[in-house]
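Trainee: How does the following fold in three dimensions:
(one chain, ligands or ions: 1)
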Amino acid sequence: MLILRCPAQLQLLEETLRKSLPTTLPVLGTVMTVARGNPASHEVLVDSWPNFGIVLTRLRPEEHRDPMDYYTNQLSVFYRDKGALQALLEGTEAVTRERAFQILGMQDELDEAVQEVASARGLKVETIRYRALMSPKPPQPRRQMPPGLRLAAVSPSHIPLLNATWALGGNARSRAFLLGLVRTLPSACLLDRCGRPVSWSLLDGQGCMRHGYTVPAWRGQGLTGLAVAVLGRELYARGFPIYGAVLPHNTPSLRCLQAIGFVPQPGTFYMILGTPK
Ligand SMILES: CC(C)(COP(=O)(O)OP(=O)(O)OC[C@H]1O[C@@H](n2cnc3c(N)ncnc32)[C@H](O)[C@@H]1OP(=O)(O)O)[C@@H](O)C(=O)NCCC(=O)NCCS
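Mentor: Numbering: from 1, shown residues only. So this is what the prediction gives:
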């Protein structure tokens, strides 16, 4: 595999990936984040250039610190050639027996192939299936900021609350991952008069809006739309796709995003988690 570092190559790749939206969403978002300062320390690999069969983005190997950390060890994959996917998985660039990982992608065969290879290598594998939603223009919140609330970026002091309320979090690794996100990438939250967060949304290294949450007492008032709109405007201004990934049965989240302009996309957004047994 070749590592693409040159801005002109990344730009060309970006243009190519845009033509295959929404399937390329996580890869395109990562490539764009890498090309614009690389705050999440990822790298972009292709099997050949410029006519690639597969693109892999991954955390830079020197950033691997904890072999059991699948939060930080994020990869994303888009392939045009199934043989290239097979070759990638047979090598050691993506899935190794020793390290926990998280692979994101929107192709059904990717899920099947990763499951097969990771299980054969003795990893415990779990797939979470999301629905991707995109907003073609900056999201339009359905209400104005209520009196007594104000907008801010998420601060490191809010991380214990974010971690405790995150369905996939609640442990030391997820805490460190969230801290890394708010230190390096844009985030938005609404604070009450005492400075406590009541609603928030973060951006991740794939350019995906994630970790949307409103504390129960404040739900149903359109507050998530206000936080998401801040991030959406920023993404739009920088030319990024505006997207999020939601569990298909999470009706409040689906309603909230569609009410502000997001459109459900065809296909499945896969998050495949692998951990050494
Ligand atoms: C999904 C979530 C972020 C929505 O936040 P919100 O600020 O309440 O969003 P909205 O006010 O726009 O409400 C969205 C929908 O929530 C539902 N809702 C309304 N009042 C509610 C209440 N009191 N409690 C729970 N859900 C409510 C409704 O379906 C509403 O849609 P509708 O107004 O079209 O009927 C919030 O419910 C939440 O934090 N859930 C737990 C975490 C989560 O699922 N995060 C999303 C990850 S993708």
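
Trainee: do you know how far the spatially closest residue to residue 185 that is not a sequence neighbour is from the ligand?
Mentor: Spatial nearest neighbour of residue 185, chain neighbours left out: residue 203 (4.7 Å); criterion: CB to CB, 6 or more residues apart in numbering. Glycine gets a C-beta too; all of them are placed from N, C-alpha and C. Separation of residue 203 from the ligand (CB to the nearest ligand atom, to the nearest Å): 13 Å.

Trainee: With residue 214 instead?
Mentor: Relative to the ligand, and taking CB to the nearest ligand atom, residue 214 is found at 3 Å.

Trainee: State the number of residues packed around residue 130.
Mentor: 19 (other CB atoms under 10 Å).

Trainee: May I see the buried residues of stretch 266-277?
Mentor: Neighbour-count burial for stretch 266-277, counted by 16 or more other CB atoms under 10 Å, picks out 268, 269, 270, 271, 272, 273, 274, 275.

Trainee: Relative to residue 171, which of these is nearest.
Mentor: residue 275 (12.6 Å; CB to CB).

Trainee: The closest one reaches residue 98, doesn't it?
Mentor: No - Residue 275 sits out of contact with residue 98 when judged by CB atoms under 8 Å, with a separation of 10.9 Å.

Trainee: and the buried residues of stretch 266-277, which of them are in strands?
Mentor: Using DSSP state E, 269, 270, 271, 272, 273, 274, 275 are the members of the buried residues of stretch 266-277 that sit in strands.

Trainee: Between those residues, which sits nearest the ligand?
Mentor: residue 269 (11.0 Å; CB to the nearest ligand atom).

Trainee: Distance check, the closest one against residue 48.
Mentor: 26 Å (CB to CB, to the nearest Å).

Trainee: Please apply the same query to residue 211.
Mentor: 36 Å.

Trainee: ok, the two, which is more surrounded?
Mentor: residue 211 (23 against 12).

Trainee: Wait, a helix at that one?
Mentor: No - Residue 211 is assigned strand when assessed by DSSP: H, G, I helix; E, B strand; the rest coil, not a helix.

Trainee: Name the nearest residue to it, ignoring sequence neighbours.
Mentor: residue 202 is the one closest to residue 211 (CB to CB, 6+ apart), at 4.3 Å.

Trainee: My read is that the one you found contacts residue 227, right?
Mentor: No - the pair residue 202 / residue 227 is not scored as a contact, 9.3 Å apart, by CB under 8 Å.

Trainee: and residue 175, helix, strand or coil?
Mentor: Classification of residue 175 by three-state DSSP places it in helix.

Trainee: who touches it in this structure?
Mentor: 159, 160, 163, 169 (CB atoms under 8 Å, 6 or more residues apart in numbering).

Trainee: Residues touching the longest helix along the chain, excluding its own?
Mentor: Longest helix of the chain, by residue count under DSSP state H: helix 223-237. Here helix 223-237 makes contact (CB under 8 Å, 6+ apart) with 135, 137-143, 145-146, 149, 151, 186-190, 198-201, 203, 207, 209, 212-214, 241-242, 244, 253, 256-257, 259-260.

Trainee: List the buried residues for that helix?
Mentor: For helix 223-237, using 16+ other CB under 10 Å, the buried residues are 223, 224, 225, 226, 227, 228, 229, 230, 231, 232, 235, 236.

Trainee: Against the ligand, which of those residues make the cut? List them.
Mentor: 223, 224, 225 (CB under 6 Å from any ligand atom).

Trainee: wait, is residue 200 part of a strand?
Mentor: Yes - judged by three-state DSSP, residue 200 forms part of a strand.

Trainee: Can I get the ones in strands among the buried residues of stretch 266-277 in TSV including distance to residue 102?
Mentor: Converted to TSV, these look like this (distance: CB to CB, whole Å):
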residue	distance to residue 102
269	13
270	10
271	6
272	7
273	5
274	8
275	10
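
Trainee: Go back to the residues you listed and keep what's next to the ligand.
Mentor: Answer for these near the ligand: none qualify (CB under 6 Å from any ligand atom).

Trainee: Residue 108: which of these is nearest?
Mentor: The closest of those, once distances to residue 108 are taken by CB to CB, is residue 270, at 8.1 Å.
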